[in-house]
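# Turn this into a structure:
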Amino acid sequence: MTQPKTIAPEVIACIAEGRYPSVTELNRVADRIWSDLRACRPALFCNVEGNPYERLLVLKAAQAALAGDDPTVA
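Numbering: from 1, shown residues only. The predicted structure follows:
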């Protein structure tokens, strides 16, 4: 079965294996979300590094994508 290009493979792996993401997977998905956001709205993401608040928001989005609303995943 071929994995869709629009869904990060880490998300598929966590769901398929019924497990929580590793820190590496969380960061990979966050980087992918950040890249997708920059591609869609480059005027808002001129600073490649971003600020810590933006990074936190992207990490939270990655966490939600990987673990859903499970409160035990920090």
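# And stretch 21-28, what's buried?
Of all the residues in stretch 21-28, those buried under the rule 16 or more other C-beta atoms under 10 Å are P21, E25, L26, R28. Placement of C-beta: from N, CA and C, glycine included.
# Any chance of these in CSV with pLDDT, secondary structure and distance to I15 as columns?
What follows is the buried residues of stretch 21-28, written out as CSV (pLDDT from 0 to 100; DSSP: H, G, I helix; E, B strand; the rest coil; distance: C-beta to C-beta, whole Å):
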residue, pLDDT, secondary structure, distance to I15
P21, 90, coil, 10
E25, 91, helix, 12
L26, 90, helix, 14
R28, 92, helix, 15
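# from these, which two are the most distant?
Using C-beta to C-beta, these span at most 9.0 Å, a distance reached by P21 and R28.
# intersection of neighbour lists for these two?
E10 (C-beta atoms under 8 Å, 6 or more residues apart in numbering).
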